[in-house]
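**Student:** got a structure for you, letters missing:
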């Protein structure tokens, strides 16, 4: 097919092929945005967990220095608040990861459809190239036959 002249080739499904490419690119952009959001939320969750551990350790050290009930209650309330935030971020993160998995599957499906359309286009181009080669061969045969007849008519008879 590499030697075939494809200048006249027009793929009938070209608009569908382009639309499929655009849909895939748009879905991939959404997937990238989702992955960035997941990375931000995961970093936020790690920071909250680090703050929770650090504050818990600091509170434990203060208890050994002397017990103040009011202060201890404030510390426990703050730790409970942090734990709630951590659990909220973890739930949101799991939800976003599920959405990411769904978007990834959709991207794979769109990629498969695009691959099929591109294979179809390549086959259609190969078929067109073969048709062109057959047409050219037929024309060359007709020309050869016409020349043969012409030469037979113009040659002197001996």
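**Tutor:** Done, it's in. Everything quoted here is computed from the prediction, not taken from an experiment.
**Student:** in stretch 125-137, what's buried?
**Tutor:** Residues of stretch 125-137 classed as buried: 128-129, 132 (neighbour count, 16 or more other Cβ atoms under 10 Å). All C-beta spots, glycine's among them, are computed from the backbone N, C-alpha and C.
**Student:** let me redo that: stretch 59-68
**Tutor:** The neighbour-count check on stretch 59-68 (16+ other Cβ under 10 Å) flags residue 59 as buried.
**Student:** need the contact partners of it.
**Tutor:** With Cβ atoms under 8 Å, 6 or more residues apart in numbering as the test, stretch 59-68 has contacts from 71-72, 75-76, 79.
**Student:** what about the residues you listed, which are in helices?
**Tutor:** Among these, the members found in helices (DSSP state H) are 71-72, 75-76, 79.
**Student:** buried ones among those residues?
**Tutor:** Buried by 16+ other Cβ under 10 Å: residue 75, out of the ones in helices among the contacts of stretch 59-68.
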